[in-house]
Each structure stands twice: as C-alpha cells, then as structure tokens.
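pasting the sequence and the predicted coordinates here, then a few questions.
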Amino acid sequence: MKDSGLVVFTKNFGSNFTGATVATYNLVQEFLGEFKEVIVICKNVGNSISDERLKIKVFSTLNEARRHLVKLPPDYVYLSDDHFGYILKMAGREYYHVYHGSWPDAMFLSLRMFVYGLYFLPQYILTLVFAKLIFNVSYYMDKFTRKFNSNTTVIRNGMRHASVSRETEKNLMVKKGKLKIIMVGTIDNLKFRKALELFELFERHELNSICDVHIFGHAKNLKLLEKLGSFNFVHLEGFSANIIYRDFDLYLTTSYFENLSIAVCEALNSEIPVFGFNVGGLNEVVKQYSNGYLAPINKVEYLAKNIKAWYEQSFYLDSSETQLDDFSWEVAAKKYIKNFEIFESLK
C-alpha cells in the first residue's frame with residue numbers, strides 16, 4: 001500500500017467531532033504510515049493533525065466533491081463513511097464503505113425521523129450497493145448491510161483509552177459517597193429525551209440525593225439542554241476530547257438507537273459498568289448483569305430501579321466479562337489494510 005494513496009470521502013473530519021467522525025479521524029492517523037499520501041475530501045473540517053502526508057480538500061456541494069474526486073488517480077484506494085458515498089461511483093471510482101449508520105432503526109422512532117429516513121436511507125442503500133466491500137463496526141448492522149451487498153465484514157472501532165485497573169478487584173462496586181454517573185454524546189432528542197423521564201424517576205425514587213450526573217457533549221438542542229440542567233443533580237460539562245471514565249462509577253446512555261457506541265466501549269474498557277437500553281449492537285459488549293444492564297427500549301423505570309438496586313448492592317457486576325481486545329485503532333487499521341491489499345490484488 002505504500003506505493004498507493006488513500007482517499008477518504010467523508011462529511012466531517014477532525015478531533016473535535018463526535019460519533020463516527022472520531023473513528024474516521026483516528027483511522028486516518030493510523031493509515032498515514034501505510035500510504036504514500038492520504039487525501040481527505042470533506043464538507044466540514046475541524047481540529048486536525050499537521051502532517052505533510054495528509055491533504056484535506058473541502059467541498060460545499062456534492063457536485064463540487066465529485067469534481068475533486070475525478071481529478072484524483074483512479075488507482076488510489078477510496079474509502080467512504082457517510083450516506084453520500086455513492087458519489088464515488090458517479091465519479092468513476094471503485095470504493096470501500098464503512099457503515100456507522102443507525103438506519104433503518106432510527107426511522108421508526110418518530111414521524112420526523114421517518115421523514116428523515118426517506119431522505120437518508122435510499123442514499124445509504126445506493127452507497128452500500130455500489131461498494132466493493134462494506135466494513136461494519138457491529139454484527140447487528142452487518143445483518144442489515146448484507147441485504148444489499150454480500151461483501152461485508154466486521155472490524156471493531158478502537159478506543160482512546162488504555163485498559164486500567166481500578167481498586168475493585170473484579171467486582172464493579174459503588175465507591176462510598178455519591179454515585180458519579182457519566183453520560184456522553186451530542187445533546188439531542190434521540191440521545192437525551194428519555195433522560196428527562198429518567199431523571200424525573202430519579203427524583204421520585206430519591207436517587208437524586210445519592211447521585212451526580214455529568215453530561216459531556218455538544219448541545220444540538222438548546223431547549224433540551226436547559227431542561228437537563230434544571231435538575232440539581234445534573235452537571236453539564238460541555239464537549240471534551242479527553243474524558244477520564246475511571247473517575248466515574250457508572251456510564252449511562254438513554255439513546256433510542258445505536259450502532260455500537262465508542263464511548264460505551266471506552267467506559268467498559270475503563271472498568272465501569274454501562275446501563276442503557278438494549279438497542280443496536282450494545283449487547284455485543286454489555287453482558288446483562290455482568291458488566292452492565294440493558295433495559296427494554298423506552299422502559300426508563302427499569303433503568304431507574306436497576307441503578308438503585310446496584311447502588312444498594314442488591315447485585316454485583318464483574319469487569320472480567322468485558323472482552324475488548326479487538327477494539328483498538330492499531331488492530332482495526334491492520335485489518336483494513338489487509339482487506340485493501342487482498343481486494344486491490346484482485347483488480
């Protein structure tokens with residue numbers, strides 16, 4: 001691959017984004033040593049590393065993106081990670097695709113999301129159909145993408161934090177004092193609307209007096225942000241690229257849908273339990289009543305009762321159930337490169 005270049009076609013690129021952008025940004029850093037150059041074509045660029053091997057081209061429209069693409073060598077490796085990956089086909093380029101999406105699940109959450117799905121899902125399907133190989137980050141979504149393309153594989157995302165050993169032996173127990181809960185993600189209805197219902201239950205079950213909830217993430221919905229901040233046990237921390245999960249007792253997610261959250265994996269890798277809804281690929285890493293608890297979707301009362309029961313030590317959790325050896329950017333990059341080499345040799 002060192003004699004070839006890599007073109008990454010994405011929406012956002014930089015260290016100050018969240019979600020799938022984190023994966024793409026970290027993988028690009030690993031890929032820099034494997035290609036003679038890496039060219040990122042993106043719509044929005046944030047904080048990025050400075051490296052002479054990395055070139056970034058910004059587009060404002062998909063037609064402009066296509067014009068960038070057709071000027072690049074056709075024998076380079078092309079990789080997309082967003083719904084408009086099919087533009088690569090229109091530019092006459094064969095490409096690989098990383099599916100981070102949560103469609104079609106997201107369509108059935110509300111009328112608004114259903115309408116969004118009518119726009120995004122057909123584009124994702126085109127992107128999947130035209131790709132020569134699809135990389136999935138969870139087995140849950142691998143089943144979906146195989147409906148449109150039989151060339152699929154699963155490569156896990158990496159994590160930013162090395163494994164740590166807390167002073168809990170194997171049992172994940174609450175430290176003395178208040179329960180420190182962490183939540184991470186863009187503050188919008190899909191990830192945090194159910195948190196409002198849950199926090200009301202916290203007050204009803206008097207959990208508000210024995211816990212502090214720290215929320216990290218950009219605010220997309222300012223009204224929701226204000227409502228979350230109205231609870232006296234909730235602390236809005238803003239976005240942070242360097243969260244120390246081991247400083248907390250429990251990771252909480254109230255997301256309606258997921259593919260497989262990097263933040264969840266980072267929390268488990270830091271040996272703190274995860275509580276949330278049983279959505280997407282979360283149950284591939286969160287083992288029920290072993291390293292966390294996943295409630296049926298929307299059953300916020302189950303979350304509240306189980307968090308309280310764990311706090312009162314009605315049951316214990318065991319960090320030894322967490323197996324995340326494959327969740328490494330270095331390991332992931334090597335697997336991507338191996339697939340690239342094999343598929344490129346078949347041209």
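Arrived safely.

helices and strands of this structure: which one has the lowest mean pLDDT?
When the helices and strands of the chain are scored by mean pLDDT, DSSP states H and E, strand 171-172 comes last with a mean of 53.

ok, then the element right after that strand?
Once strand 171-172 ends, the next helix or strand along the chain (criterion: DSSP states H and E) is strand 179-184.

sheet partners, orientation included, of that next one?
strand 211-216 (parallel), strand 250-252 (parallel) (DSSP bridges).

in the shortest one, what counts as buried?
Burial within strand 250-252, assessed by neighbour count using 16 or more other C-beta atoms under 10 Å, is assigned to 250-252. Backbone N, C-alpha and C define where each C-beta goes, glycine included.

which of those sits closest to residue 11?
residue 251 (26.6 Å; C-beta to C-beta).

tell me the contacts of the closest one?
When contacts are counted by C-beta atoms under 8 Å, 6 or more residues apart in numbering, residue 251 touches 181-184, 245, 263-264, 267-268, 272-275, 292.

show me where the stretch 51-200 of the chain has strands.
54-58, 77-80, 96-99, 133-136, 152-154, 171-172, 179-184 (DSSP state E, counting those that start in this stretch).

closest to residue 41 out of the ones you listed?
Per C-beta to C-beta, nearest to residue 41 of the strands of the stretch 51-200 of the chain: strand 54-58, 4.9 Å.

neighbours of the closest residue to residue 245 other than its chain neighbours, how many?
By the measure of C-beta to C-beta, 6 or more residues apart in numbering, the closest residue to residue 245 outside its immediate chain neighbours is residue 270, 3.7 Å from it. Neighbour count of residue 270, defined by other C-beta atoms under 10 Å: 24.

verify the stated contact: residue 270 with residue 243.
No. Contact criterion C-beta atoms under 8 Å: residue 270 and residue 243 do not qualify, at 9.3 Å.

hang on, the earlier thing: out of the contacts of residue 251, which comes closest to residue 301?
Closest to residue 301, out of all of those and judged by C-beta to C-beta, is residue 275, at 13.0 Å.

wait, is that closest one part of a strand?
Yes. Counting by DSSP: H, G, I helix; E, B strand; the rest coil, residue 275 is located in a strand.

so what's it bridging to?
Here residue 275, judged by DSSP bridges, has bridge partners residue 252, residue 293.

wait, what's in contact with it?
So residue 275 contacts 250-253, 292-295, 303, 306-307, 310 (C-beta under 8 Å, 6+ apart).

which of the buried residues of strand 250-252 sits closest to residue 3?
residue 251 (43.3 Å).

what is the burial count for the closest residue in space to the closest one that isn't next to it in sequence?
Closest residue to residue 251 apart from its sequence neighbours, by C-beta to C-beta, 6+ apart: residue 267 at 3.6 Å. Neighbour count for residue 267, taken as other C-beta under 10 Å: 30.

for residue 267, what are its contacts?
182, 245, 251, 274.

next, format those residues as JSON lines and append pLDDT and distance to residue 338.
Shown next, in JSON lines, are the contacts of residue 267 (pLDDT from 0 to 100; distance: C-beta to C-beta, whole Å):
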{"residue": "182", "pLDDT": "97", "distance to residue 338": "35"}
{"residue": "245", "pLDDT": "92", "distance to residue 338": "30"}
{"residue": "251", "pLDDT": "96", "distance to residue 338": "32"}
{"residue": "274", "pLDDT": "94", "distance to residue 338": "30"}
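
buried ones among the residues you listed?
182, 245, 251, 274.

who are the packing partners of the longest helix along the chain?
If you go by DSSP state H, the chain has its longest helix at helix 111-130. Secondary structure elements in contact with helix 111-130, counted by 3 or more C-beta pairs under 8 Å, 6 or more residues apart in numbering; DSSP states H and E, are helix 87-90, strand 96-99.

what's the most buried one of these?
Mean neighbour count (mean count of other C-beta atoms under 10 Å) peaks for strand 96-99 among these, with a mean of 26.

correct me, but residue 78 touches residue 4?
No. Here residue 78 does not reach residue 4: they are 10.8 Å apart, not a contact under C-beta under 8 Å.

so which of the two has more stuff around it?
residue 78 (25 against 16).

partner residues bridging the more buried one?
Beta-bridge partners of residue 78, as defined by DSSP bridges: residue 7.

contacts only, for it.
6-7, 9, 69, 88, 93-96.

redo the strands paired with strand 179-184 as CSV? Include distance to residue 25.
Shown next, in CSV, are the strands paired with strand 179-184 (distance: least, C-beta to C-beta, whole Å):
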stretch, distance to residue 25
strand 211-216, 18
strand 250-252, 22
